[in-house]
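**Student:** here is a sequence together with a model predicted from it:
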Amino acid sequence: MTATASPLLTSIAEPGGKIVEVVAGRDGSEVRLSRRDMKGAHLRAPLRGLLTASTGRPWRLEPADPDSIHLPNPNPTHLPSPGSSHLQDPSSSHLPSPGSILLPGADGGGAVGAGGIVVVAARAGALGARLELAFTTDGLLTLTTTWRNDSGHPVTDVAAGLLLPLPTDDAHVTMPGVLYNDNPSSDPGRPVPHLGDGVVVEEHRLPIPAVNAAWDDRYVSLFAHPEPARTPDGTVAYGSLGLVRTPGLTVAALTGVIMFDGETDVCYVSKAEVADRPIGYRDLAPGETITTRHTLDWGPVEPRGLGFRKLVHTGLYDEPGTGPLSTDDLIRLKTTAMDARWDGDGYLAYEGTRHGRPRAYLYGWTGQCMKLARCDAMLGLERGEPERVERARRAAGFYVEGSATPVRGLRHGRYLRDEGTWEMFRKDGAAFVSSRAHGETIADLAELALQFREAGLEVPPEWEEAVEDAAALFWHTRLPEGIVPLGWTPEGTPVTRMVTAAGGACVQAMLGAYRLSGERVWLLRAEEVLSRYHRLHAATFERPFAHATLDASGEDKEAGMYYFQAAFDLYRLTGRELYAQWAEAAADWLLTFVYVWSPEFDAGSTFARRGFKACGWPTVSVQNHHLDVFFPTSELLEFGLATGRPWYAARAEAILRAMGQGVSQEPGDWGFATPGEQGEGFFQTNWQRTGEANTWNPSWVIALPLYHALRMRKVR
């Protein structure tokens with residue numbers, strides 16, 4: 001038991017060593033969370049201020065005052081077994097009982113520790129509150145909070161919640177999909193979530209509805225169990241989670257009100273855009289209640305930047321998700337869409353000239369022309385359809401023959417079909433070659449060549465030369481930190497010295513050069529470059545993966561994808577468990593972007609009408625808070641199977657099933673003329689159009705699900 005200098009009023013514990021104590025002190029009673037195997041308290045929360053409630057707009061952090069201490073069986077030396085008593089009637093939670101000790105003034109405390117439950121009773125104006133703390137059988141602490149309007153009149157614009165002050169201002173904080181160590185790589189010129197003076201977001205914006213804070217050698221995770229509040233008109237609202245300044249750093253679980261950079265009622269509504277949006281306020285009729293449930297976990301972690309892994313593996317959410325399409329149906333539909341994109345020498349990046357885009361072949365990133373060639377080759381070899389194999393050969397040959405620039409190894413990334421010209425991407429108005437897109441395309445070219453070789457087909461020597469030339473460029477133009485730059489100017493020099501994880505795909509290209517040529521130097525170089533990425537990003541996650549998406553500027557899942565895939569490739573090539581460990585940590589980071597639950601949607605929305613489920617879908621980045629199919633799904637499955645980590649394989653299966661939603665099954669379905677088409681963005685939160693999908697359909701929305709479905713069907 002944790003030793004304290006203050007009188008211990010009551011305590012509960014669980015067999016794994018977690019302890020909750022209520023301690024009386026000169027400045028008022030407080031709740032302390034600790035562990036038998038660690039010194040000191042993880043959290044010390046004064047009872048006054050543990051709960052907060054305000055009425056009126058804008059909402060404020062106003063502490064609720066505890067009423068009394070009720071000690072039916074006070075015994076500081078005894079730790080009762082968890083789960084041995086039922087909860088009391090919330091309607092009497094704030095009232096004294098026989099054996100109660102009434103505390104004078106606002107600095108008093110109220111707690112009950114009978115039968116494995118601690119109960120804190122409090123009051124804020126017309127509202128009475130009851131907070132019950134009890135351990136579950138698996139060692140997690142459940143916090144159930146009930147607020148009741150005890151007055152005889154309605155109370156409007158209520159904002160209430162739970163506050164957990166951290167013992168440090170220097171915590172590594174993870175809010176899945178939204179905030180990763182304060183998003184240190186995000187463009188300071190764009191509004192994106194930062195801690196600042198506080199950030200509180202809607203629960204439905206969080207793939208894992210939780211906040212993790214880690215400091216020194218320990219962490220605390222607060223999880224929500226979202227329950228929708230539906231108004232008579234069918235609108236759905238959820239609670240909110242985040243951090244506020246009090247003036248220290250405090251984890252906040254509120255009844256739905258929000259904050260952006262310390263500004264109340266400000267919502268992040270679109271890419272780098274915010275708007276005033278007073279949401280989350282509740283009105284309570286006399287006697288009406290609001291009840292929320294949260295789970296608290298705490299323990300050791302080292303280094304602190306790996307605290308996010310505790311969110312992924314806590315196992316609180318077991319929703320199965322949904323899968324409207326079988327793998328075979330998904331392959332059939334996506335193949336139809338791919339065939340509609342074939343245009344003689346490649347695959348069109350967009351459906352005709354929709355959205356004002358010119359007809360073009362696009363390589364890497366949103367185009368995935370080379371990935372589609374790999375899909376065609378897989379289908380052709382599997383089905384005995386040589387015309388598909390030849391289509392893949394033609395697409396790869398067209399790229400290798402036409403995309404070269406005067407700089408050896410540097411290639412254009414786009415071919416304008418009607419103009420008959422090649423061009424580069426553009427950044428800040430200037431032409432540049434993206435290391436993410438170039439590395440991805442060269443890695444796919446290497447895989448296609450290996451696919452041909454394994455099938456006994458001729459591999460043009462120009463393909464192998466293109467892979468080695470690009471790999472040499474990647475190696476020889478590294479930044480002083482030893483990593484590949486974000487991209488290159490047309491002259492082949494780094495476009496910026498900024499440290500990013502965008503070039504992780506170039507490590508895969510180096511491994512492609514090794515597998516094609518057998519020259520060990522490429523393996524050694526790939527190991528060296530990945531080790532530099534590891535030291536910069538994945539050893540501590542102080543600077544998480546960032547800057548892979550070309551239309552955003554910050555932390556994003558795609559930057560972590562290529563590190564994960566390269567680490568897994570190195571494990572397969574070398575058998576070194578170290579690389580499996582690197583891949584596993586990256587997989588956990590990626591899975592913080594994947595929904596483990598499904599928010600409900602407003603009545604009448606497309607998602608509500610069609611039964612859309614977010615569970616299993618990945619989000620995009622800290623800047624773009626929507627769902628999309630860009631994820632290393634089949635690689636995650638293979639990783640789980642190859643390394644004896646079946647949990648990851650199961651997650652991959654759930655992700656593929658989820659991605660079968662929103663696929664057009666007939667002309668006109670989901671707004672598409674061609675079966676197999678699918679929108680690029682699905683909006684599960686009020687970032688843009690809640691409960692709707694767009695019809696922006698670059699060819700990666702065909703390529704990625706088809707590629708993963710083909711590979712996963714084969715592995716099964």
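**Tutor:** Ah, there it is. Nothing here was measured: the structure is a model prediction, and the numbers come from that model.

**Student:** what is the burial count for residue 160?
**Tutor:** Neighbour count of residue 160, defined by other Cβ atoms under 10 Å: 27. The way it works is simple: take the backbone N, C-alpha and C, and place the C-beta from them, glycine included.

**Student:** now the helix or strand where residue 335 lies: buried residues?
**Tutor:** In this structure, residue 335 is located in helix 327-341 according to DSSP states H and E. Within helix 327-341, the residues scored as buried using 16 or more other Cβ atoms under 10 Å are 327, 330-335, 337-341.

**Student:** which helix is the longest one in the protein?
**Tutor:** The helix that spans the most residues within the chain, counting by DSSP state H, is helix 435-454.

**Student:** give me the distance between the residue nearest the centre of the chain and residue 668.
**Tutor:** Note on the chain: the residue nearest the mean C-alpha position is residue 593, at 1.7 Å, using Cα atoms, centre = their mean. Residue 593 sits 32 Å away from residue 668, going by Cβ to Cβ, to the nearest Å.

**Student:** do residue 118 as well
**Tutor:** Using Cβ to Cβ, we find residue 118 at a distance of 58 Å from residue 668.

**Student:** next: residue 591.
**Tutor:** According to Cβ to Cβ, residue 591 and residue 668 sit 35 Å apart.

**Student:** and if you look at residue 20?
**Tutor:** The spacing between residue 20 and residue 668, counted by Cβ to Cβ, is 57 Å.

**Student:** do residue 258 as well
**Tutor:** Distance, residue 258 to residue 668, using Cβ to Cβ: 37 Å.

**Student:** so for the two, which sits in the more crowded spot?
**Tutor:** Using other Cβ under 10 Å, the more surrounded residue of residue 258 and residue 668 is residue 258, with 26 against 10.

**Student:** residues contacting the spatially closest residue to the more buried one that is not a sequence neighbour?
**Tutor:** Closest residue to residue 258 apart from its sequence neighbours, by Cβ to Cβ, 6 or more residues apart in numbering: residue 200 at 5.2 Å. When contacts are counted by Cβ atoms under 8 Å, 6 or more residues apart in numbering, residue 200 touches 240-244, 252, 254, 257-259.

**Student:** who does residue 200 form a beta bridge with?
**Tutor:** Listed beta-bridge partners, residue 200: residue 242, residue 259 (assigned using DSSP bridges).

**Student:** and residue 34, by the same measure?
**Tutor:** Beta bridges link residue 34 to residue 19, judged by DSSP bridges.

**Student:** what sits against it?
**Tutor:** Residue 34 neighbours (Cβ under 8 Å, 6+ apart): 2, 18-19, 21, 40-42.

**Student:** what helices or strands is the helix or strand hosting residue 253 leaning on?
**Tutor:** Using DSSP H and E, residue 253 sits in strand 249-254. With contacts taken as 3 or more Cβ pairs under 8 Å, 6 or more residues apart in numbering; DSSP states H and E, strand 249-254 sits against strand 155-165, strand 198-202, strand 210-215, strand 218-224, strand 240-245.

**Student:** to residue 638, which of these lies closest?
**Tutor:** With respect to residue 638, and counting by Cβ to Cβ, the nearest of the helices and strands packed on strand 249-254 is strand 210-215 at 27.9 Å.

**Student:** for the contacts of residue 200, pick the one with the most neighbours.
**Tutor:** Counting neighbours by other Cβ under 10 Å, residue 241 leads those with 30 neighbours.

**Student:** what about residue 715, how many residues close to it?
**Tutor:** Neighbours of residue 715 (other Cβ under 10 Å): 13.

**Student:** wait, it touches residue 636, no?
**Tutor:** No: using Cβ atoms under 8 Å, residue 715 makes no contact with residue 636, being 11.3 Å away.

**Student:** what is in contact with these two at once?
**Tutor:** Overlap of the contact sets of residue 715 and residue 636 (by Cβ under 8 Å, 6+ apart) is empty.

**Student:** tell me the pLDDT at residue 367?
**Tutor:** You'll see residue 367 listed with a pLDDT of 91.

**Student:** any idea how far it lies from residue 345?
**Tutor:** From residue 367 across to residue 345, the span is 14 Å (Cβ to Cβ).

**Student:** these two: which has the busier surroundings?
**Tutor:** Between residue 367 and residue 345, counted using other Cβ under 10 Å, residue 367 has the larger neighbour count: 27 against 17.

**Student:** do I have it right that the more buried one meets residue 700?
**Tutor:** Yes: between residue 367 and residue 700 there is a contact at 6.8 Å, judged by Cβ under 8 Å.

**Student:** what comes into contact with stretch 643-653?
**Tutor:** Outside stretch 643-653, the residues touching it (Cβ under 8 Å, 6+ apart) are 571, 580, 583-584, 587, 591, 594, 633-634, 636-637, 639-641, 712.

**Student:** now do the contacts for residue 690.
**Tutor:** Per Cβ under 8 Å, 6+ apart, neighbours of residue 690: 601-602, 605, 683-684.

**Student:** check residue 42 too.
**Tutor:** 33-35, 167, 218, 220, 298.

**Student:** next: residue 423.
**Tutor:** Shown in contact with residue 423 (Cβ under 8 Å, 6+ apart): 412-416, 431.

**Student:** again with residue 485
**Tutor:** Applying Cβ under 8 Å, 6+ apart, one finds that residue 485 lies in contact with 435, 477-479, 494-497, 503.
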